[in-house]
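Visitor: let's see this in three dimensions:
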Amino acid sequence: MEKTLCFCCGGDGPGDRQWCGWCAAPVVVAPPPVPAAPAPPLPGPSLTLGSADSSVRPGSPVLAIVAAVGVLLVAAGLVTVVAAHTGNSPRVAAERYFDALSDGDASAALAWVASADQIDTGKYPLLSDAALDRSGDRPRDVEVGDDMTAGGQFGTEARSVRVVYRAGGQSVAQELVAVEENGKWRLRLPFVLLGIDGQRGRQVTVNGVGLGTAERATAAFPGAYEAVAAGNTLLAESRASAVAQANGIVDYVAPLQFGVPELAGGARDSIQGQVRTALDKCAGSTTAQPAGCPFGLNVPGTDVVVTWTITTYPQVDVRTDSIMWFSGAAVQLVDDGAGKVHWSATYTDYRGARKSQSGDSAFRINGNAQATPTGIQVSLT
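Guide: Residues are numbered from 1 along each chain as shown. Got it, this is the predicted structure:
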């Protein structure tokens, strides 16, 4: 049975598992040993990080690192690579790889990736020319160091190459692992694991490439990343930026977290208007427990008829930071606690006598506002 190797921590597992049992990160498939190799076979993995819309799991290395990130200051200019050495070596493979990235040529870059023919680039939209279209997103001022022995988990013949480059106005150091494939040195998964969090149901693009709405972890070429969560009827546009961060020799992550979103223009007025309309509808009910309303009575009898009159409307607002309560493009409703209603109830008690009572009650607003394709939908609970 084939085995998998974790993209993040290097742990192994059964071949039918797409996520690491140790750290919940995506895994790669390790090929069977090559009979001619005198040493333990080198990993020649194919990229199997899961579908492009795989959710970032709570507790994964990506979410452990996605913290507040600054505004991306995209540095202008093309990538520059140190003079390339001739021949077949791990260092040459790294130089050629970054040289292709500097040209915005994804196919040429992937030609220097081990087992690249097994990578379904359709699942990873950031491994494309489109993701390298803007020169400011590509790595620049690249310096490639000499190769050295890699960690034992890669096999005795694997080599490590340290690459330092500029991206997003920052200096990034990345250790790449090279393995021999058909007599030529190639790089083993020289990508960055991109984690996106906080899009709240909005359409997301990274470096101009659309990724949909689901929270995800996906592979990207080294460089700078700018993510945009498009505004909708409820939430305004949000932006986040990141570059690669080391998280172990085989794991480089770029955490893109949008943070607390702002309401879209006019959304607050729309929500408050809908709450007022919903409260008036509740007050128009003659039942003791109006459905979906913030007030109600427990009447000890039958044939109940209630008259409701709202004497004080609460001031309603929303909390856009309450993602623990509502998933997707939804926000929590809150109020100032000033809501009051007067009620008059007529009912028949257990002896058959008709009785009337009246009083005043305070009420609070609970519910949420949800973005829809045509507007905002408010629900009271």
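
Visitor: need the helices for the stretch 251-381 of the chain, in chain order.
Guide: Along the stretch 251-381 of the chain, counting by DSSP state H, counting those that start in this stretch, helices occupy 267-283.

Visitor: which intervals of it have sub-threshold pLDDT?
Guide: Counting by pLDDT under 70, the stretch 251-381 of the chain contains low-confidence residues at 322-328.

Visitor: can you show me the strands along it?
Guide: 252-257, 302-312, 316-319, 330-335, 340-348, 354-362, 367-372, 375-380 (DSSP state E, counting those that start in this stretch).

Visitor: out of those strands, which gets nearest to Val92?
Guide: Within the strands of the stretch 251-381 of the chain, the stretch nearest Val92 is strand 252-257; the backing value is 21.3 Å (Cβ to Cβ). In short, each C-beta sits where N, CA and C put it, glycine included.

Visitor: alpha carbons only: can I get stretch 348-357 in CSV?
Guide: Once side chains and other backbone atoms are set aside, the C-alpha atoms of stretch 348-357 remain, and they are given as CSV (Å, rounded to 0.1, in the frame of the first residue of the first chain):
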residue,chain,number,x,y,z
THR,A,348,-60.7,31.6,29.3
ASP,A,349,-59.4,30.0,32.5
TYR,A,350,-59.7,26.4,33.5
ARG,A,351,-63.1,27.1,35.1
GLY,A,352,-64.5,28.5,31.9
ALA,A,353,-64.5,32.1,33.1
ARG,A,354,-63.4,34.8,30.7
LYS,A,355,-60.6,36.9,32.1
SER,A,356,-58.4,39.9,31.0
GLN,A,357,-55.0,41.0,32.1
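
Visitor: quick one on the thing from earlier: okay, the strands of the stretch 251-381 of the chain in TSV with mean neighbour count and distance to Val163 next?
Guide: Formatted as TSV, the entries for the strands of the stretch 251-381 of the chain read as follows, by neighbours: other Cβ atoms under 10 Å; distance: least, Cβ to Cβ, whole Å:
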stretch	mean neighbour count	distance to Val163
strand 252-257	25	11
strand 302-312	14	65
strand 316-319	18	44
strand 330-335	21	43
strand 340-348	17	67
strand 354-362	12	64
strand 367-372	20	42
strand 375-380	17	48
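
Visitor: any chance of a markdown table for those, columns distance to Gln274?
Guide: Compiled in a markdown table, the strands of the stretch 251-381 of the chain are given as follows (distance: least, Cβ to Cβ, whole Å):
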| stretch | distance to Gln274 |
| --- | --- |
| strand 252-257 | 30 |
| strand 302-312 | 15 |
| strand 316-319 | 9 |
| strand 330-335 | 10 |
| strand 340-348 | 18 |
| strand 354-362 | 22 |
| strand 367-372 | 8 |
| strand 375-380 | 4 |
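
Visitor: and those: which comes nearest Ala131?
Guide: Proximity to Ala131 (Cβ to Cβ) singles out strand 252-257 among these, at 12.4 Å.

Visitor: please name every helix or strand in contact with the closest one.
Guide: helix 61-65, strand 192-197, strand 224-229, strand 238-243, strand 245-246 (3 or more Cβ pairs under 8 Å, 6 or more residues apart in numbering; DSSP states H and E).

Visitor: hmm, try it at 10 Å
Guide: When contacts are defined as 3 or more Cβ pairs under 10 Å, 6 or more residues apart in numbering; DSSP states H and E, strand 252-257 packs onto helix 61-65, strand 170-181, strand 192-197, strand 204-206, strand 216-220, strand 224-229, strand 238-243, strand 245-246.

Visitor: tell me which strands the shortest one pairs with, and in which orientation.
Guide: Sheet pairing of strand 245-246 (DSSP bridges) gives strand 252-257 (antiparallel).

Visitor: relative to strand 170-181, how tilted is the strand it pairs with?
Guide: Here the directions of strand 252-257 and strand 170-181 differ by 140 degrees (axes from the mean of the first three to the mean of the last three Cα atoms, to 10 degrees).

Visitor: put the alpha carbons of strand 252-257 into PDB.
Guide: The C-alpha trace of strand 252-257 is given here as PDB (Å, rounded to 0.1, in the frame of the first residue of the first chain):
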ATOM      1  CA  TYR A 252       6.400  27.500   4.500                       C
ATOM      2  CA  VAL A 253       3.100  29.200   5.100                       C
ATOM      3  CA  ALA A 254       1.600  32.500   4.100                       C
ATOM      4  CA  PRO A 255      -1.200  33.300   6.400                       C
ATOM      5  CA  LEU A 256      -3.900  35.600   4.900                       C
ATOM      6  CA  GLN A 257      -6.400  36.700   7.500                       C
END
